[in-house]
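Asks: mind looking at a prediction? Sequence and model below.
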Amino acid sequence: MRELTYEVPATAEEAVAKVTGDEQARFLGGGTNLVDHLKLGVSTPKVLVDISRLPFDAVEQTDDGLRIGTNVRNSDLAAHPLVRSGWPGLSRALLAGASGQLRNQATTGGNLLQRTRCVYFQDITTPCNKREPGSGCSAIEGYGRHNALLGTSEACVATHPSDMAVALVALNATVVVLGPDGERRIPVADLHTLPGHHPEVETTLAHGELITHVELPVTTLAKRSTYYKARDRASYAFALVSAAAALSIEDGVVADVALAWGGVAHKPWRASRAEEALRGQPLEESAIASAVDEELRDAVTGPDNDYKRALLRGVTTAALSRLAPTEVSR
Amino acid sequence: MEHTVSLRIDGVDQEVSVDTRTTLLDALRERVGNTSPKKGCDHGQCGSCTVLLDGRRHLTCLALAVAYDGAEIVTASGLAGEGDDGELHPVQQAFLAHDGYQCGYCTPGQVCSAVGVIDEAKRGQPSHVTDDLEADIDLDDDEIRERMSGNLCRCGAYVGILDAVREAAAR
């Protein structure tokens, strides 16, 4: 690990100023991802600015929903009574991620900003455009089982690993961001970027901008939300693909639906085309399958990750079925 | 860059000198000499370095010691009563009674994790396999398996571990 200095800022403004003013500085939250990357040599900052003691550790009820501090631990957010009752899809997504120990350590903001699990990104002996711009992408020609199929580019086919972020996109959450010029809000759906020619850029945050809160709007749809994840083992593994869904059925047809996917793209993927295809339809397996196929119209797969198409039909059907008032007919 | 951090480790207050890069796991093992938490993968994938940190189960390999000034840490060895003949913690007794180990390397992490699991269930925290997110927790075998999934055992002593956690939870 490269030599580092460590600083504890007294305020969020001080933290932002320190990182904004130093290209070699990074925020340290729970550390579950960053400390691993320091060991691997994937991340090589010279200065760590520890934000974990800043007072962003509460889940507060507001007029419009919930305001979640960036330092709220994943375990506490998943278990919060208001989240469990009002946004069960968020609880489910958090509980599907990592392990009990890691959820006690990982933070809300850190979870959003965790980096891809692409094996080449994590292996500094191989070319990777995300880690070392211009060096090439090893995953396109190499081991491709985890590769993205939507929104990919010739430079990068990595997926975003977070479960929580997929639920937040489906639930229309917003991040509150503090920068040198004050506060701004970004929908979580617009927080992460597609790789394009610059896969080293992963979010719309400027260097030194700090996520201080996540805001979750209260809706009746969110109360009927869930998360379904497919992975290589029953627990404690990243998603192959996953679906966060919220559903309202009226008079036997889909009145409203929200759907987002994990494991398919460089960002949590809002499946708007599939939502559009499902609205007004009876919730039947054939309708779900064609909605998924509609969303996948522009998908690009190879022999290693083509299985994700069928798996997406499966997880989407499973997620929506959990929310349906009656059994989903074939 | 050297820092001094204050830690309460297994009931004893200590000032520990660490480099910025020293993990909590290396601080415990190499600086303090407490070899109860084990270094398995050192990347947060196996759970063998699990301790109780401020009362909750926590990995020590993905934690920089410098960031934990003031923390209270209980390792598996600190769960037992004092001295070589100190009384074992109920979870430790259950691991012995049910052969919840073979080589023993992952055991201190398993034991600390199990203590955390039982406490989390008592506080009503749901898990991935909990059907009703708002109901009380019945720590059945599926729940125990899911909640203990962050601790790998390469000997495959899972059957004994499951029996041990079930018995300890019922006490």
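Replies: Sure thing, it's come through. Quantities reported herein were computed from a predicted structural model and do not represent experimental measurements.
Asks: go through stretch A:80-87 and flag the buried ones.
Replies: Taking 16 or more other Cβ atoms under 10 Å in any protein chain shown as the basis for neighbour counts, the residues of stretch A:80-87 that come out buried are A:His80, A:Val83, A:Arg84, A:Gly86, A:Trp87. Bear in mind the C-beta positions are built from the backbone N, C-alpha and C, glycine included.
Asks: ditto for stretch A:141-148
Replies: Neighbour-count burial for stretch A:141-148, counted by 16+ other Cβ under 10 Å, picks out A:Gly144, A:His146, A:Asn147, A:Ala148.
Asks: so the third one touches A:Val157, yeah?
Replies: Yep, that's A:Asn147 we're talking about. Yes. In this structure A:Asn147 lies within contact range of A:Val157 using Cβ atoms under 8 Å: 4.2 Å.
Asks: common neighbours of those two, please.
Replies: Here A:Asn147 and A:Val157 have A:Ala139, A:Ile140 as joint contacts, going by Cβ atoms under 8 Å, 6 or more residues apart in numbering or on different chains.
Asks: could you pull out the strands for the chain?
Replies: Chain wasn't specified; assuming chain A. Listed in chain order, the strands of chain A (DSSP state E) span A:5-7, A:25-28, A:47-50, A:59-61, A:65-69, A:174-179, A:182-187, A:210-217, A:225-230, A:241-250, A:253-262, A:269-270.
Asks: my question was about chain B, not that one.
Replies: B:2-9, B:12-19, B:51-53, B:56-58, B:72-74.
Asks: which one of the ones you listed lies nearest to A:Ala318?
Replies: Of all the strands of chain B, the one in closest proximity to A:Ala318, counting by Cβ to Cβ, is strand B:56-58 (30.0 Å).
Asks: for the closest one, packing partners?
Replies: Counting contacts by 3 or more Cβ pairs under 8 Å, 6 or more residues apart in numbering or on different chains; DSSP states H and E, the secondary-structure elements packed against strand B:56-58 are helix A:100-105, strand B:51-53, helix B:107-122.
Asks: mean pLDDT, mean neighbour count and distance to B:Ala168 added to those, as JSON lines?
Replies: Conversion of the helices and strands packed on strand B:56-58 to JSON lines gives the following (pLDDT from 0 to 100; neighbours: other Cβ atoms under 10 Å in any protein chain shown; distance: least, Cβ to Cβ, whole Å):
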{"stretch": "helix A:100-105", "mean pLDDT": "98", "mean neighbour count": "26", "distance to B:Ala168": "16"}
{"stretch": "strand B:51-53", "mean pLDDT": "98", "mean neighbour count": "25", "distance to B:Ala168": "15"}
{"stretch": "helix B:107-122", "mean pLDDT": "98", "mean neighbour count": "24", "distance to B:Ala168": "6"}
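Asks: ok, how many other residues are close to the closest residue to A:Arg297 other than its chain neighbours?
Replies: The shortest distance from A:Arg297 to any non-neighbouring residue, by Cβ to Cβ, 6 or more residues apart in numbering or on different chains, is to A:Arg273 (7.3 Å). A:Arg273 is surrounded by 17 other residues when neighbours are defined as other Cβ atoms under 10 Å in any protein chain shown.
Asks: how about the residues of the stretch 51-200 of chain A near chain B?
Replies: Applying Cβ under 8 Å from any Cβ of the partner chain, one finds that the stretch 51-200 of chain A approaches chain B through A:52, A:75, A:78-79, A:81, A:84-85, A:88, A:91-92, A:95-96, A:98-102, A:104-105.
Asks: follow-up on the earlier one: tell me which of the strands of chain A lies nearest to B:Ile144.
Replies: Distances from B:Ile144 to each of the strands of chain A were compared using Cβ to Cβ; the minimum, 20.1 Å, belongs to strand A:225-230.
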